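Enquirer: coordinates for the following, if possible.
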Amino acid sequence: MGETIDIAANNKISILLAEAKNIQEVTHIIRIAYNCNLVDILHKALSSLQEMTVDSSDFVMVATSCFELANIFNYGDIRKIDTTPLKPFITQLFLRSSLLLESSSSCDNEHAKEIISSMNIINMVSNENYDLVDNKSWIDNLINLAFNDSKNSIVCGYAFSILLERNEINDDECSREVSKRLSPSIPADICAGWFEGLAKRNRYALLSRRILWQELDNYISNLEDEDFYRSVIYLRRAFSDFESHEKNGLIDLLSEFWDISPMDVGEEILDDLTDDEEDKLSELNDFDFGDLI
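Expert: Take a look at the predicted model:
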């Protein structure tokens, strides 16, 4: 592909660039070019990225591209490569990600996993490059999503959790939103889905919000049997990856709500199921969960 390794590598990158179909593929090519210090081809690759960014409406792809460029930029000093040309592209991709967030959250629960993963990496870019990106736009769009009732409930819960972690929501706002989300007037699977999204992030920040757990306890206590059955899959999934110290923190909270000792609560929560409890769980095999599973 060329008389020297340098020429051959540039020719290969040019072919890959011509075949690229989206900004995620172009960004990957840019990473290869930086890793190989192919400066000549970088200008062409960045020009292609600029053109594709204008028309890109896929939040996951835009967020992934922004994250990859941010990683190149942040670690450029170690590789002794000038990453200054990447700054305007990171800024642009970050802003576009922020603006696409809410509209991309009208999705099913399967696609919500990709949205949440992309929200996480964009939030990392926000935290690590606060002097480069428009953090206000990111926070504003998180707020719009977190308080939106028409978007995927799991994604909305995750957005709310990021805002809690960043101290962008006070106790009164938290209380009002939790009361609204965990309402008897809302389908039980949607309520539990919102809590599942909420529980995917910083558990320390969640455990420090006593009102949140008080509202959840009240909500579960007042569910009818069928609504509880519809909630149980989401709730079980939400708590399944809690660490031991997080469960202990939750036990302390519940002991206050129920006015019993933490040891008694721990026995109820952590002990093996009885035969009667196993039978109750077996009954769920005949319950119609629709599309929840």
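
Enquirer: what's in contact with the helix or strand harbouring Met124?
Expert: Using DSSP states H and E, the element containing Met124 is helix 109-128. Where contact means CB atoms under 8 Å, 6 or more residues apart in numbering, the residues beyond helix 109-128 that reach it are 59-60, 63-64, 66-67, 70, 74, 90, 94, 97-98, 101, 104-105, 107, 133, 135, 138, 152, 154-155, 158-159, 162, 193, 197, 200. In this view, the C-beta of every residue, glycine as well, is placed from N, C-alpha and C.

Enquirer: residues contacting the closest residue to Leu182 other than its chain neighbours?
Expert: Leaving out its chain neighbours, the residue that sits closest to Leu182 by CB to CB, 6 or more residues apart in numbering is Tyr219, at 3.9 Å. Applying CB under 8 Å, 6+ apart to Tyr219 gives the contacts Leu182, Ser183, Pro184, Cys191.

Enquirer: now with 10 Å, please.
Expert: Contact criterion CB atoms under 10 Å, 6 or more residues apart in numbering gives 178-179, 181-184, 186, 188, 191-192, 195, 227, 231 as the residues in contact with Tyr219.

Enquirer: may I see the PyMOL selection of the buried members of the residues you listed?
Expert: Buried subset of these, written as a PyMOL selection, criterion 16 or more other CB atoms under 10 Å:
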select buried, resi 178+181+182+188+191+192+195+227+231
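
Enquirer: tell me the one of the contacts of Tyr219 nearest Ala9?
Expert: Out of those, the one with the shortest distance to Ala9 is Phe195. That distance is 50.6 Å, counting by CB to CB.

Enquirer: that closest one reaches Gly157, doesn't it?
Expert: Yes. Proximity of Phe195 to Gly157 meets the contact threshold set by CB atoms under 10 Å, at 6.2 Å.

Enquirer: just the ones of the contacts of helix 109-128 in helices?
Expert: The members of the contacts of helix 109-128 that map onto helices under DSSP state H are 59-60, 63-64, 66-67, 70, 74, 90, 94, 97-98, 101, 135, 138, 154-155, 158-159, 162, 193, 197.

Enquirer: list only buried entries from these.
Expert: The neighbour-count test (16+ other CB under 10 Å) applied to the ones in helices among the contacts of helix 109-128 identifies 59-60, 63-64, 66-67, 70, 74, 90, 94, 97-98, 101, 135, 138, 154-155, 158-159, 162, 193, 197 as buried.

Enquirer: mind listing the strands in the protein by residue range?
Expert: Counting by DSSP state E, the chain yields no residue ranges for strands.

Enquirer: now for it, the helix or strand with the poorest mean pLDDT.
Expert: Confidence across the helices and strands of the chain bottoms out at helix 76-79, with a mean of 58, counting by mean pLDDT, DSSP states H and E.

Enquirer: now Gly193: how far from Asn141?
Expert: The spacing between Gly193 and Asn141, counted by CB to CB, to the nearest Å, is 21 Å.

Enquirer: wait, I meant Ile72
Expert: Noted for Ile72: a distance of 25 Å to Asn141, by CB to CB.

Enquirer: low-confidence regions, this protein specifically.
Expert: Applying pLDDT under 70 to the chain flags the ranges 76-79, 284-293.

Enquirer: which residue is nearest the middle of it?
Expert: In the chain, the centroid-proximal residue (CA atoms, centre = their mean) is Ile116; its distance is 2.7 Å.

Enquirer: against Thr83, how distant is that one?
Expert: Applying CB to CB, the value for Ile116 to Thr83 is 28 Å.

Enquirer: likewise for Trp194?
Expert: With CB to CB as the criterion, Trp194 and Thr83 are 39 Å apart.

Enquirer: between these two, which one's more packed in?
Expert: Trp194 (28 against 17; other CB atoms under 10 Å).

Enquirer: residue contacts, that one?
Expert: 146, 149, 152-158, 160, 177-178, 180-182, 186, 234, 238.
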